[in-house]
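J.: Provided below for reference: sequence and predicted model.
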Amino acid sequence: MSYLQANDVAKRFNGTSALAGVDLAVEQGESLALLGPSGCGKTTLLRILAGLEVPDRGDITLEGRTLTGPARFVAPEQRRIGMVFQDWALFPHMTVARNVAFGLGRAGDSGRVSETLDLVGLSHLADRYPDELSGGEAQRVAVARALAPRPRVLLFDEPFSNLDAGLRTRIRADVAALMREMRMTSIFVTHDQEESFVVGDRVAVMSEGRIMQVGRPADVYQNPASAWVATFVGEANVLSGMATNGHVSTAVGEVPLAGTLRGPCEVVIRPEYLVVGRGDQGVVSAVEFYGHDTTYQLALNGTKLVARVIAAPDFAPGDRVSVSYAGPGAAAFASASH
Ligand code: ADP
C-alpha cells in the first residue's frame, strides 16, 4: 500500500462528470505532478484529497488509514494535508514570522516558527514585512506558512501560474528543490507540461476525469501510453504507417519501433529526431529560430511535419528538403479498425 492513495474516486457536478473513477498512489517523500488540460478534474481531485470536497464514490487513504470513505470522513483540518494555492498572498501588515505563525492557528509557538524559517532558509528575514521581500522570498514564506503545521502532505494548486515567465522558472525549481530536500510528500497541479516535468519525480497525466498514465517524466515522454498523451507531453508528429519486424514505414522512411507491434499503426515521432537535409522529398513551409534551436514546418506529399534541429536555420520557406528519422525506437499504436 502506498503512502497516499485515491481509490476509484468519482465525482459529478450537476450531472457532469469531473472524475470518472481515479486511482492514484503517491509514495512517501515523492513529488508528484498532476498534469492535464483545464477542466480535466485536477483541482477536484486535489480538493477531495484535502477533504474540501466529498466524492460520490471511492476512498482516500493516508498511511493506510481512511480519510474519506463510505463510512468515514476526517475533517480537512485533522488530515495534516497542507494546501498552497495559486494566490500565495501574504498578509501585508504582518512580519514574515507572524505570517508563518498564522499557519499554526492559535496553537502557534515561536519555536516552531523559527524552526520552520530555518528549514526554508529564511531566518534572517523573520522581522521583514512582505513588501520588503523579493518575489522569490515571498513565495518561500508562503511555503513556510504551509509547512509550519508539519503537514504529512503538501498540495499545490497551480502555484506558479500568476508569475511572469522568468520568475516562474526560477521559483518552481526552488520550491521543487525544497520539497525534495525535505522529502516532503507533495502533489503539484499544473496544466503546463514543462512545469510538470521539472517539479514531478513522477507525472500523472489526466484527461476528462481519468488518469491516462503515471510515470517518470522521461518514461512518459519516451513511452507515452497513447497518441493523445504523446501530443500532450511535448510536441509530436503522429504518422500512420505499416509496422513489420520492429520497423514501420512512414512518410519519413523506415522508423524503428520501441515495441513489437505489427500492422497498420500510428507512430509517434518527436520533432528532435527528424533530420532535415538538402533533397527533394518535401518543402519547408515555415522556419522559427529560437536561438538555442530551430523548428521547421514541413510538408511531405500532403503530410505536415515539424522538425527541430540544434542549429541556426539552413533552409528557408519554399526550400526543398529531405527528411529522415534518426532516433530511438518510436512508440506506436495500432490504428483504430474500421
Ligand atoms: P481542472 O482543475 O483540471 O481545471 P476541475 O477539477 O476544476 O478541473 O473541474 C473539472 C470539471 O468539473 C470541470 O468541467 C468543471 O467545470 C467542473 N466543476 C468543478 N467544480 C465544480 C463545481 N463546484 N460546480 C460545478 N462544476 C464544477
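T.: Yes, it's here. Numbers count the residues shown, from 1 in each chain.

J.: Contacts only, for the residue of the stretch 51-200 of the chain found nearest the ligand.
T.: Using Cβ to the nearest ligand atom, the single residue of the stretch 51-200 of the chain nearest to the ligand is residue 189, 6.4 Å away. (C-beta placed from N, C-alpha, C; glycine too.) Applying Cβ atoms under 8 Å, 6 or more residues apart in numbering to residue 189 gives the contacts 33-34, 42-43, 46, 155-158.

J.: restrict the residues you listed to contacts with the ligand.
T.: Residues of the contacts of residue 189 in contact with the ligand (Cβ under 6 Å from any ligand atom): 42-43.

J.: so can I have a markdown table of the contacts of residue 189 showing secondary structure and pLDDT?
T.: Listed next are these as a markdown table, based on DSSP: H, G, I helix; E, B strand; the rest coil; pLDDT from 0 to 100:
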| residue | secondary structure | pLDDT |
| --- | --- | --- |
| 33 | strand | 97 |
| 34 | strand | 97 |
| 42 | helix | 97 |
| 43 | helix | 95 |
| 46 | helix | 96 |
| 155 | strand | 95 |
| 156 | strand | 93 |
| 157 | strand | 90 |
| 158 | coil | 86 |
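
J.: quick revisit: and the residue of the stretch 51-200 of the chain closest to the ligand, which helix or strand is it part of?
T.: Secondary structure from DSSP states H and E places residue 189 in strand 185-190.

J.: what's the average pLDDT for that strand?
T.: When pLDDT is averaged over strand 185-190, the result is 96.

J.: Given that strand, what are its sheet partners and their directions?
T.: Strand 185-190 has the following strand partners under DSSP bridges: strand 31-35 (parallel), strand 153-157 (parallel).

J.: how near is residue 144 to residue 135?
T.: Separation of residue 144 from residue 135 (Cβ to Cβ, to the nearest Å): 15 Å.

J.: go on, residue 320?
T.: Residue 320 sits 49 Å away from residue 135, going by Cβ to Cβ.

J.: Who has more neighbours out of the two?
T.: Neighbour comparison, residue 320 and residue 135: the larger count goes to residue 135, with 15 against 12 (by other Cβ atoms under 10 Å).

J.: Surely the more buried one touches residue 163?
T.: Yes. Here residue 135 lies in contact with residue 163, judged by Cβ atoms under 8 Å, at a distance of 7.0 Å.

J.: Between those two, which contacts overlap?
T.: residue 171.

J.: quick one on the thing from earlier: looking at the contacts of residue 189, spot the one nearest residue 86.
T.: When the contacts of residue 189 are ranked by distance to residue 86 (Cβ to Cβ), residue 158 comes first, at 4.7 Å.

J.: How about the closest one, nearest residue that isn't a chain neighbour?
T.: Leaving aside its chain neighbours, residue 158 sits nearest to residue 86 (4.7 Å; criterion: Cβ to Cβ, 6 or more residues apart in numbering).

J.: hmm, back to that, which of the strands paired with strand 185-190 is buried the deepest?
T.: Mean neighbour count (mean count of other Cβ atoms under 10 Å) peaks for strand 31-35 among the strands paired with strand 185-190, with a mean of 26.
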